[in-house]
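Undergrad: turn this into a structure:
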Amino acid sequence: MSDEPKYTGACFCGAVQIEVTGAPEAQGYCHCESCRSWSASPVNAFTLWKPAAVKVTRGADNMGTFNKTPQSFRKWCKTCGGHVFTEHPTFGLTDVYAATIPRFPFDPHLHVYYAEKVLRVIDGLPKMADFPQEFGGSGRVLAE
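TA: Numbering: from 1, shown residues only. Below you'll find the model as predicted:
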């Protein structure tokens with residue numbers, strides 16, 4: 001039995017349920033147009049996990065997939081339309097939206113794609129123009 005923490009989550013109606021185990025690779029806020037449009041909000045809170053740490057525990061057959069680009073496979077519940085997570089195969093990571101795992105102790109460390117922001121956020125966290133260099137971005141940090 002593993003001593004790693006586990007957190008459960010679900011889509012809006014609960015038909016799709018998930019579990020994440022351990023700790024995410026990164027967590028923060030994304031301001032890109034795609035995330036804003038998909039989440040219907042001015043900013044999206046993300047938690048990035050290794051795919052093996054994310055498990056669909058119920059309703060896998062009730063999940064739909066949409067990929068606007070080969071970098072993002074967005075997963076959602078076919079019953080309620082609630083968003084569950086996004087697989088990012090080119091990064092080897094899965095983005096489980098922070099709101100999907102409500103008991104997870106969300107502790108953001110940065111903002112990504114802040115150059116595309118529509119909502120200014122003053123919180124003292126680094127504001128990346130796009131992605132950090134280790135994820136293929138410019139690594140450029142913008143002023144708050």
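
Undergrad: what's near enough to touch residue 54?
TA: Contact partners of residue 54, counting by CB atoms under 8 Å, 6 or more residues apart in numbering, are 18-20, 85, 94, 96. For glycine as for every other residue, the C-beta is placed from the backbone atoms N, C-alpha and C.

Undergrad: which ones among these are found in helices?
TA: Here DSSP state H is the test, and the contacts of residue 54 give no hits in helices at all.

Undergrad: would residue 38 count as being in a helix?
TA: Yes - applying DSSP: H, G, I helix; E, B strand; the rest coil, one finds residue 38 inside a helix.

Undergrad: count of neighbours near it?
TA: 19 (other CB atoms under 10 Å).

Undergrad: ok, it touching residue 82?
TA: No - between residue 38 and residue 82 there is no contact under CB atoms under 8 Å: 12.0 Å.

Undergrad: ok, the host helix or strand of residue 29: who's next to it in the sheet?
TA: In the assignment (DSSP states H and E), residue 29 maps to strand 26-30. Counting by DSSP bridges, the strands paired with strand 26-30 are strand 44-49 (antiparallel), strand 110-112 (parallel).

Undergrad: quick one: which of the contacts of residue 54 sit in strands?
TA: In strands, judged by DSSP state E, the following of those are found: 18-20, 85, 94, 96.

Undergrad: in JSON lines, list those residues along with pLDDT and neighbour count.
TA: What follows is the ones in strands among the contacts of residue 54, written out as JSON lines (pLDDT from 0 to 100; neighbours: other CB atoms under 10 Å):
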{"residue": "18", "pLDDT": "98", "neighbour count": "24"}
{"residue": "19", "pLDDT": "98", "neighbour count": "16"}
{"residue": "20", "pLDDT": "98", "neighbour count": "24"}
{"residue": "85", "pLDDT": "97", "neighbour count": "27"}
{"residue": "94", "pLDDT": "97", "neighbour count": "24"}
{"residue": "96", "pLDDT": "97", "neighbour count": "26"}
